[in-house]
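# one predicted model, sequence on top.
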Amino acid sequence: MGKSKRTKFGQDNLAGLLMSLPGILLLVLFVIVPFFTAIVLSFFNVDFNMVGGPKFWGLEQYRRILVDPVTSPIFYKALMNNFTFALIVVPVQTGLAVLLAVMLNAKLKGIAFFRTFFFLPVVFPMSLVAIIWALMFSRDSLGMLNGLLNLFSFGYIQPIDWLGDPNIALLSIALLSVWAGVGFQMVIVLAGLQEIPLELYEAASLDRANWWQRFWNVTIPGLRNTLVFVVIITTIFSLRLFDQVFILTKGGPIDATQTVMYQAVTSAFVEGNVGRASAITVVFVVIIICITLIQRVVLRQNREVK
Amino acid sequence: MKLRKVTRLKVKQTFAVTSAIAALTLGLGAIAPAHAAGAQEITVWAMCSEAGEIAAAREQVSAFNGYYDGQYHATLTCKADMGTAIKSTSVGSLPSVFEFDGENLAAYVYAGKLKQLDGLVPASVFNNELVSIQAEGTYKDGHKYSVSQYDSGLGLYASKKKLAAAGIKDVPTSWKNAWTATRFTAVLKALAAKASGKKAIDIKENYGMGPGWPGYAFTPIVNSAGFQIITGGKAVGSLDNAKVVAALKTFASWKQYVDPSADDKAFENGRVGLAWVGHWQYPALSKALGSDLTVLPLPDFGAGSKSGQGSHSWAIGKNTSGDELAAANVFLQYIMKDQWVLNVTDQNGAVPATKTALNKSVNYRKGGPLQLYADQLSASCGTSKPTKACVTVPRTISAAWPVINTAFGTAVQTIWNGGNAATALHTAAVTIDQDITDHSGY
């Protein structure tokens, strides 16, 4: 019996293996191999301009990133910025996505147009979005945002230095990121909404539930799994923050928009310091794995309660 | 069943079209090399970002191919981001000849990517180059590694009418009588008072105050305070010197008078009376302002007015050898002829980098509207400590330049946005020194 079971398992395994082979191959080639290469490189003093090959440095790169009094503060600053950004963007973007999706789920004529319209920013490359927003964020009264605020406040609100004020710059980046990204989450939530059986709404109506009660007791529980996915994916996206920063602020003003990704990429491709970039990446991956594990534990508990 | 048939037919059609395209491409590919049968092939990488420079690169390559028909043949490849291309190409895969941003010379020589040119390119070619360019192409070993068709000019553009309207009469006539930083603050204040938007100057904040633009445009502030970014192989004590800190603080205090120029046209459209920018804006500005436009030296922070220098350079890949090397050498000499130097500078507005071409240039020769730039470049400080006797300072000729550029740019950005100048410059200096130590002094 054991034998026949093994054969059966083997056949399934072969077909399964063959079908998953392309995926596994790509994963190994583009995720696993580079990651282990990064771990190895992070122990070396190695860069693009190196003569005489890499030198083994042990944990020096990590010491500089995590401990050194002059060079480590900027890494912690970047990490803090990443978390602040995620704390702003994840709830705002998820909330906004649900709001938009509920609105665009209405059975109206021409609703497809509006759905496309709100999805459009997702299609634009971030570099394009950032350049357009650079014009809107201009710190003088000619900037579009400053002009609008000035107009609607009857001249009371003075021009704001959106990208130059250390207290505002990260919020500005968050604002444009939400605008550019919310359409993606909206589409996912929209699909989730259409999965909710209409009978539930009918039953709720028969119970004389008002709109708000239906939203809170039917829509939100119905969207639970979708929302879990949206929150996780938004968290990952926001931890990866790079393009907007690279184009708009270069990590400034006064390091207010430094992010871990920005430091890793500029270390490698601007300064040519591959060792440092690898070490930053390794530290960051460890942090992200921790976050993912925590999220999984929290979500599993929720499921058990249900 | 029917559906499947249709699909198959479609696949067949698609396949036919694809193979037709493939055949066509292959066919065209096969024709190209035949064009220059028997000629020595060289590959040329040019920097292609500005329209005028792209055109000039194509023109000189096709002229070269025409002139040496059957003998040499150059194939041009355009690179939008040459810095990344060179950095990520191994020595063996480099082209025969390539153009690059001259600020990276030391880094490339250090990485063993450039061929030594003295003893190869005739001395007459180097001697004809501007002093500033000769300095730019020389590595610390005293050898030459590049030639350049043009140099850059950095200074102030001003509207004569706006200066007069603000009651400013002491307008500098040469780099020797530039405004002091203190006087410049007063000039900005007076200009801002008369301007409708209460701004006085465009420093091209829109180019980005982070790493990049400051390395070229605001290093002269460090130099004008009397220091190089690095002195004797160390940035600490030089870049974070009290005089440099004071100079950059003064610079940051001008922010209130600076138009952020999100449209890139604060000066061109008449919102401000001054612009702190390079030669490349001249064609547009002279068209917009006409005879109202004048060129002035940058303000003096204590050790005389200073300016930047350096632009694109040409070099030969380290592994180029034999007949290919001979052809590459001929190519460099060909594009350094006045005709081709002027062809590119006419299109991008840059300073011709050879003495003979400079004399023929309408804009830069004696009495020309941009003579100031040529004067500044002929008074190069080289690598010695900046004094009142010289003006242009090459960007630090060191393999650490990429790190210097990032560290300095970040510091300028911090200071500009109100951060602590002393801390920012010290952090930058430590970062630079650490990189130099990491590379055993390069």
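Great, that's in hand.

# which of the helices and strands in chain A ranks last by mean pLDDT?
Here the helix or strand of chain A ranked lowest by mean pLDDT, DSSP states H and E is helix A:2-27, holding a mean of 75.

# can you list contacts of the helix or strand following it?
For helix A:2-27, the succeeding helix or strand toward the C-terminus, using DSSP states H and E, is helix A:33-41. Here helix A:33-41 makes contact (CB atoms under 8 Å, 6 or more residues apart in numbering or on different chains) with A:54, A:274-275, A:278, A:281-282, A:285. For the C-beta atoms, the positions are set from N, CA and C on the backbone; glycine is no exception.

# what do you get if the cut-off is 7 Å, keeping everything else the same?
A:274-275, A:278, A:281-282, A:285 (CB atoms under 7 Å, 6 or more residues apart in numbering or on different chains).

# residues in the stretch 201-350 of chain B within reach of chain A, list them.
B:208-211, B:259-260, B:262 (CB under 7 Å from any CB of the partner chain).

# how about these, which pair is most distant?
B:211 and B:259 (22.3 Å; CB to CB).

# among those two, which residue is more densely surrounded?
More neighbours surround residue B:259 than the other of residue B:211 and residue B:259, with 29 against 25 (other CB atoms under 10 Å in any protein chain shown).

# ok, that one - contacts?
Contacts of residue B:259 (CB under 7 Å, 6+ apart): A:140, B:197, B:199, B:202, B:266, B:271-272.

# show me which residues of the stretch 1-150 of chain B are close to chain A?
So the stretch 1-150 of chain B meets chain A at B:84, B:87, B:107, B:110-112 (CB under 7 Å from any CB).

# picking up where we left off before, so which of the contacts of helix A:33-41 is the closest to residue B:54?
Among the contacts of helix A:33-41, and counting by CB to CB, the member closest to residue B:54 is residue A:274, at 31.7 Å.

# which residue is nearest the centroid of chain A?
residue A:237 (1.2 Å; CA atoms, centre = their mean).

# can you pull the contacts of that one?
Counting by CB under 7 Å, 6+ apart, residue A:237 has contacts residue A:181.

# just the closest residue of the stretch 301-442 of chain B to chain A, please.
Nearest residue of the stretch 301-442 of chain B to chain A: residue B:417, at 3.2 Å (CB to the nearest CB).

# tally of neighbours for the closest residue to that residue other than its chain neighbours?
Spatially, and ignoring its direct neighbours in sequence, residue B:417 is nearest to residue A:253 (3.2 Å; CB to CB, 6 or more residues apart in numbering or on different chains). As a burial measure, residue A:253 scores 25 neighbours (other CB under 10 Å).

# can you tell me if stretch B:422-440 touches chain A.
Yes - between stretch B:422-440 and chain A, judged by CB under 7 Å from any CB, the touching residues are B:427, B:430-431, B:438.

# how many neighbouring residues does the residue in chain A that chain B sits nearest to have?
Closest approach between chain A and chain B, counting by CB to the nearest CB: residue A:250, at 2.6 Å. Neighbourhood size, residue A:250 [other CB under 10 Å]: 23.

# does residue B:277 count as helix, strand or coil?
Put simply, residue B:277 is strand when judged by DSSP: H, G, I helix; E, B strand; the rest coil.
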